[in-house]
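Visitor: Coordinates only, no sequence provided:
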């Protein structure tokens, strides 16, 4: 240890022999640890074997085999086998270690034995973990080119299982690490394990865990085991030019003892860090104990551990009496970034005024992704010599009529009209709030019949052509009972964009299908009343902090299906009295294209938003007023909603281009 300390402090000459001596010492320590573990397990096995023999020899009063003893023997045998498997792993590791000519591993507790033995861990852990999306996580020493797709996917799955197990090994209480977690999430658990009690952890990394589903497990772990102090964002400028991610800075303390409650401060700077961060400003933030929205340099939203737990848990009937102690309820996650770093003050006023009027979309309707075909070039077809509208009309008159169509794979031929349905393939096709068939360009091959039922049809000929192209072997297609059957038999009442960009509309549907670029909403009530709420500026406000801001080629807000389901809408049943007004408003909207957000709201994005009065287009204002009136918003509050949405969008776009 003295030699190692001298080496790292510069007192020892860094020649190869000295380094070799240090590594030999660490190697021997690791060997001793493994040998000690193997010896301990061997003794445990021996003890259990003796106990098993005692139970095996037992007989009841009649000299027959004791039934309870037999069950105990079975239990002991299973335990012996489990421990033996564990011992075998340690023995394999020891054998591998002894065969190594040089050190090719790193163990914190061994390489920094003086830190962990004398201090219990590091005082500070600082990191910038790699930005690797979950679908790209793979064994780092393996080459994808050496494997076929199925084998490579299995290797990736096995590697993720190892990552999850590594977390459980260092934090036995953790039972929720989502397989969809990006790689940096695992660095949180491992980095925090290196801290001594009272130590400080600081990461700069992707902000996605604050809002996405896989972040729920990390949120819960931090709230119940650590003491998050600051979560810091910058609304004005990105931190890294090379990485297409938005980042945050987190400051977390590993507590000395169990904490009953504490306060986390969510801080968002409104100017680049280099322009505003100084000792005086940090001191000012330290003194804040209430939400601050109006400071010109920053916003702060303090939240206690208890408040964050209550907002993130869900209560079932058995847990209803435990509301005073959310520690023991199921934690489903919360929008930390969206609510506390980005949501404007007016949002919280809307929540207050909307009590009893606003409902979660997922509670009144089914929300799911549009269908994924697995073979777009097979399923999507364009009519030849006629429009989609003409095809639909002909199909109504004569379902058996042959329609001349072609696909993007080069096939061209005829298919019966009954198997061709109008479909929205791209968001660019929808330009009005109510779907117009004249805007659609594609038909989808929608066939629910078996080969036997299709005998003699052109549809079967097309399926056979598809099988020659091996479409049936594609992952999505081969999971279906009949690979050509998309299973969609009902159409949605409303559509919702997967990626919201410069313009936004939630289309009201009648009889058309939608591709995976849309979320489809099945609502049994009045689709027009729901459509007004979904298209209101209140919904557009929520989108800015419900979804995940994207940068690079996909600048916009990307939403997951559960995020759309979490959208708060005005209960459509409360709008029935305004049905005539709603019909008139939607008639006007159905005649025009939805424009860029700033045009819809009457703002010049090149000027400061707050120096302009909102001037929404007349029909836009009429639609929003239906929702504003129901919520009882004042004139000033309505202006604040428009200002807030325009500012959020402008700031997000400027930040995306800041580097």
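Guide: Thanks, I have the structure now. Every value quoted in this text rests on a predicted model; they were computed, and no experiment measured them.
Visitor: Show the residue spans covered by the strands in the stretch 451-600 of the chain.
Guide: All strands of the stretch 451-600 of the chain, identified by DSSP state E, counting those that start in this stretch, fall at 494-497, 499-500, 513-514, 518-522, 548-550, 556-558, 568-570.
Visitor: Please identify which of the ones you listed is closest to residue 379.
Guide: For residue 379, the closest of the strands of the stretch 451-600 of the chain is strand 513-514, at 10.4 Å, according to C-beta to C-beta. Just so you know, the C-beta spots here come from the backbone N, C-alpha and C atoms, and that holds for glycine as well.
Visitor: Mind listing the strands the closest one pairs with, and their directions?
Guide: The pairing partners recorded for strand 513-514 under DSSP bridges are strand 420-424 (parallel).
Visitor: Quick one: work out the angle between the strand it pairs with and strand 518-522.
Guide: Here strand 420-424 points in a direction 110 degrees away from that of strand 518-522 (axes from the mean of the first three to the mean of the last three C-alpha atoms, to 10 degrees).
Visitor: Just the mean pLDDT for strand 420-424, thanks.
Guide: For strand 420-424, mean pLDDT rounds to 93.
Visitor: How far off centre is it?
Guide: Computed by C-alpha atoms, centre = their mean, to the nearest Å, the chain-centroid distance of strand 420-424 equals 30 Å.
Visitor: Stretch 275-295: how far from the chain's middle?
Guide: Distance, centroid of stretch 275-295 to centroid of chain: 30 Å (C-alpha atoms, centre = their mean).
Visitor: try stretch 50-60
Guide: On the basis of C-alpha atoms, centre = their mean, stretch 50-60 sits 54 Å off its chain's mean C-alpha point.
Visitor: May I have the residues that are in contact with residue 436?
Guide: Contacts for residue 436 (C-beta atoms under 8 Å, 6 or more residues apart in numbering) come out as residue 590.
Visitor: ok, now residue 588?
Guide: Applying C-beta under 8 Å, 6+ apart to residue 588 gives the contacts 619, 622.
Visitor: Please repeat the previous calculation with a cut-off of 7 Å.
Guide: residue 619 (C-beta atoms under 7 Å, 6 or more residues apart in numbering).
Visitor: same thing with residue 401?
Guide: By C-beta under 7 Å, 6+ apart, the contact set of residue 401 is 394, 417.
Visitor: ok, now how distant is it from residue 461?
Guide: The gap separating residue 401 from residue 461 is 16 Å, by C-beta to C-beta, to the nearest Å.
Visitor: what about the strands of the stretch 451-600 of the chain, which gets the closest to residue 629?
Guide: Taking the strands of the stretch 451-600 of the chain one by one with C-beta to C-beta, strand 568-570 is closest: 10.1 Å.
Visitor: who does the closest one pair up with?
Guide: strand 358-360 (antiparallel).
Visitor: Show me what counts as buried in the partner strand.
Guide: Buried residues in strand 358-360, counted by 16 or more other C-beta atoms under 10 Å: 358-359.
Visitor: Any idea how far that strand is from the middle of the chain?
Guide: Offset of strand 358-360 from its chain centre (C-alpha atoms, centre = their mean): 22 Å.
Visitor: what does that strand rub up against?
Guide: Outside strand 358-360, the residues that reach it (C-beta under 7 Å, 6+ apart) are 565-566, 568-571.
Visitor: mind running it again at 6 Å?
Guide: For strand 358-360, the surrounding residues in contact (C-beta atoms under 6 Å, 6 or more residues apart in numbering) are 568, 571.
Visitor: same deal with stretch 469-486?
Guide: Residues outside stretch 469-486 that contact it (C-beta under 6 Å, 6+ apart) are 371-372, 374-375, 378, 447-448, 463.
Visitor: With mean neighbour count added, can I get the strands of the stretch 451-600 of the chain in JSON lines?
Guide: Output for the strands of the stretch 451-600 of the chain, formatted as JSON lines (neighbours: other C-beta atoms under 10 Å):
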{"stretch": "strand 494-497", "mean neighbour count": "25"}
{"stretch": "strand 499-500", "mean neighbour count": "20"}
{"stretch": "strand 513-514", "mean neighbour count": "26"}
{"stretch": "strand 518-522", "mean neighbour count": "23"}
{"stretch": "strand 548-550", "mean neighbour count": "21"}
{"stretch": "strand 556-558", "mean neighbour count": "21"}
{"stretch": "strand 568-570", "mean neighbour count": "23"}
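Visitor: Residue 110 is nearest to which of the ones you listed?
Guide: strand 548-550 (39.6 Å).
Visitor: List of residues touching the closest one?
Guide: Residues from elsewhere that reach strand 548-550 (C-beta under 6 Å, 6+ apart): 246, 556-558, 652.
Visitor: now it, how far from the chain's geometric center?
Guide: The chain centre lies 11 Å from the centre of strand 548-550; the measure is C-alpha atoms, centre = their mean.
Visitor: Quick check: phi and psi at the most centrally placed residue in the chain.
Guide: The residue lying closest to the centre of the chain (C-alpha atoms, centre = their mean) is residue 212, at 3.2 Å. Backbone torsions for residue 212, taken as degrees, to the nearest 10, come to phi -90, psi 160.
Visitor: hey, least reliable of the strands of the stretch 451-600 of the chain by pLDDT?
Guide: Mean pLDDT is lowest for strand 548-550 out of those, coming in at a mean of 78.
Visitor: Mind listing the strands it pairs with, and their directions?
Guide: Sheet pairing of strand 548-550 (DSSP bridges) gives strand 556-558 (antiparallel).
Visitor: To residue 107, which of the strands of the stretch 451-600 of the chain lies closest?
Guide: Nearest to residue 107 among the strands of the stretch 451-600 of the chain is strand 548-550; the distance by C-beta to C-beta comes to 36.1 Å.
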